[in-house]
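**Q** output the structure for:
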Amino acid sequence: MARYLVSRSEMHQFIERCMKAVGTNSSHAMALADVLVEGDYRGHYSHGLNRLDVYLKDMKSGICAKDGEPVVEKSTVATALVNGNNLMGPVVGNFCMDLAIQKAKEVGIGWVSAYGSNHYGIAGFYSMQALKSGFIGMSCTNTSPLVVATRAKEGTLGTNPISVAAPALDGDSFVLDMATSAVALGKIEVQQRRNEEVPEGWGCDSNGKATTNPTLILTGGGLVPLGGSEATSGYKGYGLSMLVEVFCGMLTGSNYSKNIRRWKETDKVANLGQSFCAINPGCFAPDFEKRLSDLLNIHRTLEPSDPSLPVLIPGDPEALHKAECDHHGAIPYHVNVVDHMNSVAKELGVDLLPTNRTIDP
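**A** Now for the predicted structure:
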């Protein structure tokens, strides 16, 4: 099936139009557009346009604040606790990461944790902000209970993503951005919209048994931890998800685990917890960027087991997708995703995304 080509600016303006149509503060709508477009540009389609209807639903229901700013409740030279005031995740995330970077500039490290937040898009959007200052960045968040713990049947943990970004020479970098579940929920949703099965090891049904049917995973089942089943070390992903809860739920005083509202439900405030960290590598051993570049080069030049598939490092797949987008001068989107969001936009009475440019998949 052909894909629609939509420029980054067209997509950015479309997201802003939709969010403003439901009463979102202009600067907050812009912050959301920044995150969602960057997600698609980097190839994380599960967290880009595909996620817009979730933010719209939160705003239309009134369960998420449309205006206001985060507030620092507690602070030291290197740490801070922030009340997100139930604002959109990108607004809270930008505020916290800016503060963490500021503290790292002053004392070498900044750790800022927030409660009262909401879904914030790709975790890497925030960790990568530290790269502009030559710092290491880290970000993680808890999420709605979608993941079934090893040996269990009920979802009690979120996809709980974590991202770390570190600068190398000449603009190169290491960028890890991953869910602690086997896959992000959005990828299951994308497969469902495409009427396609998912790979084995992504999710389970309501009895905790493995399934490739996205509908069974999304209705009564759940995602499985990174690693899949116990036999393939899924308990390690389970442990990582719990680690994120330590940083984001326990440290912040936010909701956690089963206390977080179910995904896409608007019966109560989400109150997500998130943590952001910036580290100045200059406070440690010399030549960090040079040594990291050597580490990246060691792995990029490894002889691959399949000559057609070169060895990549975290961040390379995203760089390749960005290059593809730059080649087209636009981001390629699956037609079902664009058509769905255009139907939502029509209901809102805003201008639709263009569908006059297409490429073969």
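**Q** please make it C-alpha for all contacts and neighbour counts, starting now.
**A** Fine.
**Q** tell me which element the residue nearest the centre of the chain falls in.
**A** Of all residues in the chain, the one closest to the mean position by CA atoms, centre = their mean is Ile122, 2.0 Å from it. Under DSSP states H and E, no helix or strand contains Ile122.
**Q** that one contacts Val35, doesn't it?
**A** Yes: using CA atoms under 8 Å, Ile122 is in contact with Val35, at 7.1 Å.
**Q** picking that back up, what values do phi and psi take at the residue nearest to the centre of the chain?
**A** phi -80, psi 130 (degrees, to the nearest 10).
**Q** which ones are touching it?
**A** Residues near Ile122 by CA atoms under 8 Å, 6 or more residues apart in numbering: Val35, Leu36, Gly39, His44, His47, Asp177.
**Q** of those residues, which is the most crowded?
**A** Leu36 (28 neighbours; other CA atoms under 10 Å).
**Q** which strand or helix spans that residue?
**A** Using DSSP H and E, Leu36 falls in helix 26-41.
**Q** now do the helix or strand where Glu347 lies: distance to the chain's middle.
**A** Using DSSP H and E, Glu347 sits within helix 335-348. The chain centroid and the centroid of helix 335-348 are separated by 22 Å under CA atoms, centre = their mean, to the nearest Å.
**Q** and that helix, average pLDDT?
**A** The average pLDDT within helix 335-348 is 95.
**Q** which SSE is immediately downstream of that helix?
**A** Downstream of helix 335-348 (by DSSP H and E), the next one is strand 358-359.
**Q** any chance of JSON lines for the contacts of Ile122, columns pLDDT?
**A** Putting those into JSON lines (pLDDT from 0 to 100) gives the following:
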{"residue": "Val35", "pLDDT": "98"}
{"residue": "Leu36", "pLDDT": "98"}
{"residue": "Gly39", "pLDDT": "98"}
{"residue": "His44", "pLDDT": "94"}
{"residue": "His47", "pLDDT": "93"}
{"residue": "Asp177", "pLDDT": "97"}
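**Q** so which of those comes closest to Leu240?
**A** Asp177 (13.5 Å; CA to CA).
**Q** got the domain ranges for this protein?
**A** The chain breaks down by automatic domain parsing into domains covering 1-67+330-361, 69-179+232-281, 183-223.
**Q** tell me the average confidence for the shortest one?
**A** In this model, domain 183-223 has an average pLDDT of 90.
**Q** now do the same end-to-end measure for it.
**A** 7 Å (CA to CA, to the nearest Å).
**Q** tell me who's in contact with Lys57.
**A** Counting by CA under 8 Å, 6+ apart, Lys57 has contacts Thr266.
**Q** related to what we said a few turns ago, now do the buried residues in the helix holding Glu347.
**A** Val335, Asn336, Val337, Val338, Asp339, Met341, Asn342, Val344, Ala345 (16 or more other CA atoms under 10 Å).
**Q** in JSON lines: those, plus distance to Thr219.
**A** As requested, those are exported to JSON lines (distance: CA to CA, whole Å):
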{"residue": "Val335", "distance to Thr219": "24"}
{"residue": "Asn336", "distance to Thr219": "21"}
{"residue": "Val337", "distance to Thr219": "20"}
{"residue": "Val338", "distance to Thr219": "24"}
{"residue": "Asp339", "distance to Thr219": "23"}
{"residue": "Met341", "distance to Thr219": "22"}
{"residue": "Asn342", "distance to Thr219": "25"}
{"residue": "Val344", "distance to Thr219": "22"}
{"residue": "Ala345", "distance to Thr219": "26"}
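**Q** what does the helix or strand of the chain with the lowest mean pLDDT contact?
**A** Here the helix or strand of the chain ranked lowest by mean pLDDT, DSSP states H and E is helix 185-193, holding a mean of 83. The contact list for helix 185-193 (CA under 8 Å, 6+ apart) reads 45-47, 50-51, 146, 159, 197-198, 214-215, 217-218, 223, 336-337.
**Q** now the angle from it to helix 335-348?
**A** Here helix 185-193 runs at an angle of 90 degrees relative to helix 335-348 (axes from the mean of the first three to the mean of the last three CA atoms, to 10 degrees).
**Q** using CSV, list the CA coordinates for helix 185-193.
**A** Provided in CSV are the C-alpha atoms of helix 185-193 (Å, rounded to 0.1, in the frame of the first residue of the first chain):
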residue,chain,number,x,y,z
LEU,A,185,1.7,-0.2,22.9
GLY,A,186,1.4,2.1,19.9
LYS,A,187,3.0,-0.6,17.7
ILE,A,188,0.2,-3.0,18.6
GLU,A,189,-2.3,-0.3,17.8
VAL,A,190,-0.6,0.4,14.4
GLN,A,191,-0.8,-3.3,13.5
GLN,A,192,-4.4,-3.4,14.5
ARG,A,193,-5.2,-0.4,12.3
